[in-house]
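Peer 1: Turn this into a structure:
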Amino acid sequence: MEAVERLPTSMLICCTTNALRSAMAEGMVRFLRGHAFCVSSAGVRVGTLDQFAVSVMDEIGIDISGHCPKDFHKLPGGSFDLIVSLSPEAQHHMLNFKGAQRSQLIFWNTFDPSATEGNREVRLTAYRAVRDTLFNRLKGYFIETGMTVPPPNIWE
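Peer 2: Predicted coordinates:
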């Protein structure tokens, strides 16, 4: 990981529809960093909040049921210190996003679990894998940059 000149205080997490991956990640950042850190999320397009994402986040005590998916046009003004893209489409959009000019950009290509076919348990397993991957990436980023996070194994 590249050295960070100063710790970020604001973060944008983006994906394709802001309905599951970026919504989950936004909830995780709020959990890990609290209100001392400004976080928002957006999609290239607006989707409908994915109820499997709500379910797997609820399993670890993070409530995203009130999340309202939005696109980049609905973002508050200003820029973000850090922008994390979770899909190739969002990453491509970030390269042309006016608010990204002075931001640190990170691309974490993250599987879209909504593409998983099968029964409810098979699909939930895919969502849990994405949830856990995102949580570990975010926690690792915050630890590597010297920011505090809750103790390990928070949901075990």
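
Peer 1: helices or strands up against the helix or strand harbouring Ser41?
Peer 2: Following DSSP states H and E, one finds Ser41 within strand 38-43. If contacts are counted by 3 or more C-beta pairs under 8 Å, 6 or more residues apart in numbering; DSSP states H and E, strand 38-43 sits against strand 10-15, helix 21-33. C-beta coordinates here come from the backbone N, C-alpha and C atoms, glycine included.

Peer 1: among the ones you listed, which is the most enclosed?
Peer 2: With neighbours taken as mean count of other C-beta atoms under 10 Å, these reach their highest mean count in strand 10-15, at a mean of 26.

Peer 1: Can you give the contact residues for that one?
Peer 2: Residues outside strand 10-15 that contact it (C-beta atoms under 8 Å, 6 or more residues apart in numbering) are 21-22, 25-26, 29, 37-44, 72, 75, 79-87, 89-90, 93-94, 99, 103, 110.

Peer 1: Now find how far off-centre the helix or strand bottoming out on mean pLDDT in the chain is within its chain.
Peer 2: Least confident helix or strand, the chain: helix 88-95 with a mean of 90, by mean pLDDT, DSSP states H and E. Distance of helix 88-95 from the chain centroid (C-alpha atoms, centre = their mean, to the nearest Å) equals 14 Å.

Peer 1: For that helix, give me every contacting residue.
Peer 2: Taking C-beta under 8 Å, 6+ apart as the rule, helix 88-95 contacts 14-16, 22, 43-44, 72, 83, 85, 100, 105, 107, 109.

Peer 1: Report the inter-axis angle for it versus strand 10-15.
Peer 2: Orientation check (axes from the mean of the first three to the mean of the last three C-alpha atoms, to 10 degrees): helix 88-95 against strand 10-15 gives 140 degrees.
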